[in-house]
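Peer 1: From the sequence below, what's the structure:
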Amino acid sequence: MLLIPLGGVGIKGLINQISGRIAMFKKELKIEQKRNELCLSKISFKRCFFYKCFKNSQQLFK
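Peer 2: Okay, the predicted model is just below:
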């Protein structure tokens, strides 16, 4: 069994740690992308909603 100096972790353990971290980062990336999409949709909805309200209020005051 090949040991990494000063770590004492075998190759299989190292590969498992790396693949586990990659999987964790992929999950975090998906969560962050969904969070960003949600924020953008909220901003877009607010702009659209207020634009429609403002447009309607202008028509009322003419």
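Peer 1: Would you map the helices across this protein?
Peer 2: Per DSSP state H, the chain carries helices over the ranges 11-61.
Peer 1: what's the distance between Cys39 and Glu32?
Peer 2: 11 Å (CB to CB, to the nearest Å). Where you see a C-beta, it was placed from the backbone N, CA and C, and this is true even at glycine.
Peer 1: For burial, what's the neighbour tally of Glu37?
Peer 2: 10 (other CB atoms under 10 Å).
Peer 1: Let me know the pLDDT of it.
Peer 2: What the model reports as pLDDT for Glu37 is 87.
Peer 1: What of Arg21?
Peer 2: The pLDDT attached to Arg21 in the predicted structure is 86.
Peer 1: got it, and the one 5 residues further on?
Peer 2: Looking at Lys26, its pLDDT reads 91.
Peer 1: what about this structure, any weak spots by pLDDT?
Peer 2: Along the chain, segments meeting pLDDT under 70 span 1-9, 50, 53-62.
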